[in-house]
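In: fold the following, please.
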Amino acid sequence: MVLDDLQWADPITIELFEALLTNSTPGLFVIGAYRPAEVGAVHPLAQLIARQDRSQAAPGLLHLANLPPVHVSTLLCEMLRLTPADAARLAASIGPHTDGNPFDTMELVNALRRDGVLTQGEHGWQWDDIAIRWHTDRTDAVELLTSRIASLPEPAPSVIAVMVCLGGEVELGLLEAASDLPGVTVREALVAPLEEGLLVWSSAGTVLSVGPDETVRFRHDRVHQAAYNGIGPDRREELHLAIARRLVALPERAGKAAEQYLLVAACVQDESERQQVVALFREAAAAASFSSIYSAAEPLLAAAVALLEPAAPASPEASESDGPLLLALRTSWHQALCCLGRQHDSDAVNAALQPTCADPLLLVAPTRLQISGLANQARYGEALALGFDLLARLGLTLPETVTQAETDRRMDALLAWIEGDLDADARRPELEDLRIRAAAHLISVMMVSALHSDDATHTQLILERQRLWVEHGPCGALAGILSASAIVAIRVRQDYAPATASFAMSSRLPRPGTTSRRRPRCAICFPAPACIGSATWSWLPTTPSVLVLACYWAVNCTWPVSHIAPR
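Out: This next block holds a predicted model:
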């Protein structure tokens, strides 16, 4: 399988290419080609190559250079059936202008033939070296291709311009929908560039007879580049906008319409159209996020926010109507950035998100992602400050310092609770207060930063979780106290007995609020091995400590994975 021109590939294609490289498939040999000069450090392909270079089975990398002069001479000798001396003379005339690029060499030779500079006589091909140098000094291979495209009869150049805006390879049905021409006219316009070798047809049938699913593509990336250069920036903006407006009217082409609008979103001035584009971007981003393709969702959400932000403060009415939508877009944008691991950008979006939301419940999900991202960067103080601030807005204000007497009292309550009837306790009605439930989920994600910050804060959060469970009812986000209570008992009082009790209980704990024997999804603990009884804890202090810590980390310290988002 050969994937050419990877420098132009979209992120989804790069992900597919990486999957092919990393998952060995018997009998499959994968080759990817790209132009290094067009792949910057932030290009997805460059990041893929960097990851592959660090792997133990990195694929081979071949650097293909242009042909040296002697090989250009050989190419011309075989192609035009020249003598070695004549081929060397022609190569010396055209070689400096093509730099040994085989495709450019072919195009230049064909241009010389079409312009009458290279002619075929009774004794083979003839030319004048001075005329060739004068001709080649005026233009390069890309300009020659641009002239060839422009010289095609209309509407072929117009259809090719639309094709350039859609990509290097386009379905015939999409090209017909994007062009402001009848379908038959579009097909007829493709005949000439196909005959000229500028385009390549994917089917064995003719362009006039096949179905809309067949594709047409540029023969070479140089042809694509030439067609792109043939339309200036202003003309390209007009085309992208016109194509987007045609495709948006077709529900089955909504994704392609979003791609076109994304390139010229700033050019949309009409307010009703801006609202339509925002809805289109949001729908396309939701589809990409559902498939965890956050690299595609993020720019759509960023563009939607940029379209709404200038209009939001224009009038109180506009602000009131756009406020919830803008908040939802920023929240989704923040999630995409967090899942892409772009912490610096997510910091900025979160800073804009926090003061604009009056309902703290709507901030719980983005704040949990933000706290996890900060913890991944060892910014534990910032993570805890953000969490405590939102807890206060939820009505759960925790004191900055807790007296030793209060800690002892709550530790006694925790140990007494563990020694009680946990089976009956877990079957109480589940926690229903939305703010307390939100606070429980927020505290659960703060545990990583608290563990790395200081013991007092960590202990305070564990005891607070147990208090919420006892006073408000069972909740999946609080069930981790079974393992957390073990580690805090060992740390504060050197008491290993709660560890045995919590492990034994975790293996039979029902889902909160039900009589099911299944364990809570967010409270899975490791049951103590049967060989480690209560007597064993007294003479193996390190082993239970390790088991308690492993159990605690599994339940309370859920490290986020950058490309997985909570649903």
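In: elements contacting the strand or helix carrying Ile418?
Out: Per DSSP states H and E, Ile418 falls inside helix 404-419. With contacts taken as 3 or more Cβ pairs under 8 Å, 6 or more residues apart in numbering; DSSP states H and E, helix 404-419 sits against helix 455-472, helix 481-493, helix 497-506. Backbone N, C-alpha and C define where each C-beta goes, glycine included.
In: got the buried residues for that helix?
Out: For helix 404-419, burial by neighbour count (16 or more other Cβ atoms under 10 Å) applies to Thr407, Arg410, Met411, Leu414, Leu415, Trp417, Ile418.
In: tell me who's in contact with the closest residue to the second one other than its chain neighbours.
Out: What it means is Arg410. Of all residues not flanking Arg410 in the chain, Leu463 sits nearest, at 4.5 Å (Cβ to Cβ, 6 or more residues apart in numbering). Shown in contact with Leu463 (Cβ atoms under 8 Å, 6 or more residues apart in numbering): Thr407, Arg410, Met411, Leu414, Val488.
In: now for the closest residue to the third one other than its chain neighbours: which residues touch it?
Out: The spatially closest residue to Met411, leaving aside those adjacent along the chain, is Val492, at 6.1 Å (Cβ to Cβ, 6+ apart). Contact criterion Cβ under 8 Å, 6+ apart gives Thr407, Met411, Thr459 as the residues in contact with Val492.
In: just these now: which is nearest Pro299?
Out: Thr459 (43.7 Å; Cβ to Cβ).
In: what is the burial count for Asp180?
Out: Using other Cβ atoms under 10 Å, Asp180 has 12 other residues around it.
In: SS state for it?
Out: Following DSSP: H, G, I helix; E, B strand; the rest coil, Asp180 is assigned to coil.
In: quick one: it and Gly167, what's the gap?
Out: The spacing between Asp180 and Gly167, counted by Cβ to Cβ, to the nearest Å, is 18 Å.
In: Leu478 now?
Out: Computed as Cβ to Cβ, the Leu478 to Gly167 distance reads 51 Å.
In: one step back: quick one: name whatever helix or strand follows the helix holding Ile418.
Out: Next element after helix 404-419 (DSSP H and E): helix 422-426.
In: quick one: buried residues of that following helix?
Out: Of the residues in helix 422-426, Leu422, Asp425, Ala426 count as buried by neighbour count, 16+ other Cβ under 10 Å.
In: turn the residues you listed into JSON lines, columns for pLDDT and distance to Leu396.
Out: Listed next are these as JSON lines, based on pLDDT from 0 to 100; distance: Cβ to Cβ, whole Å:
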{"residue": "Leu422", "pLDDT": "74", "distance to Leu396": "24"}
{"residue": "Asp425", "pLDDT": "79", "distance to Leu396": "21"}
{"residue": "Ala426", "pLDDT": "76", "distance to Leu396": "22"}
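In: can I get those residues in CSV with distance to Gly60?
Out: Listed next are these as CSV, based on distance: Cβ to Cβ, whole Å:
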residue, distance to Gly60
Leu422, 59
Asp425, 62
Ala426, 58
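In: identify, from those residues, the entry nearest to Thr119.
Out: Nearest member of those to Thr119, counting by Cβ to Cβ, is Ala426, at 93.6 Å.
In: quick check: that closest one touching Cys475?
Out: No - the criterion here is Cβ atoms under 8 Å, and Ala426 misses it with Cys475 at 10.5 Å.
In: neighbour-wise, which of Leu478 and Gly167 wins?
Out: Per other Cβ under 10 Å, whichever of Leu478 and Gly167 has more neighbours is Leu478, with 30 against 16.
In: burial check on His63, number of neighbours?
Out: The number of residues near His63, taken as other Cβ under 10 Å, comes to 5.
In: I'd assumed it was in a strand, is it?
Out: No - secondary structure of His63, determined by three-state DSSP: coil, with no strand assignment.
In: and the residue nearest to it when sequence neighbours are not counted, how far is that from Leu64?
Out: Using Cβ to Cβ, 6+ apart and skipping the chain neighbours, the partner closest in space to His63 is Pro36 (8.0 Å). Here the criterion is Cβ to Cβ. By it, Pro36 lies 10 Å from Leu64.
In: for the chain, identify the residue most remote from the centre.
Out: Relative to the centre of the chain, and counting by Cα atoms, centre = their mean, the farthest-placed residue is Glu122 at 61.6 Å.
In: number of nearby residues for Pro153?
Out: 9.
In: now Ala479
Out: Based on other Cβ under 10 Å, the number of other residues close to Ala479 is 27.
In: please apply the same query to Val159.
Out: 26.
In: who's in contact with the helix or strand harbouring it?
Out: Val159 is part of helix 156-166, with elements assigned from DSSP H and E. By Cβ under 8 Å, 6+ apart, the list of residues contacting helix 156-166 from outside reads 149-150, 152, 170, 174-175, 178-179, 181, 186, 189-190, 192-193, 198-199, 216, 218, 224, 227-228, 230-231, 235-236, 239-240, 243, 256, 260.
In: ditto for stretch 374-383
Out: Gln343, Gln370, Ile371, Leu386, Met446, Val448, Ser449, Ala450, His452, Ser453, Trp559, Pro560.
In: over to stretch 180-189?
Out: Taking Cβ under 8 Å, 6+ apart as the rule, stretch 180-189 contacts 154-156, 158-159, 172, 175-176, 179, 207-208, 242, 246.
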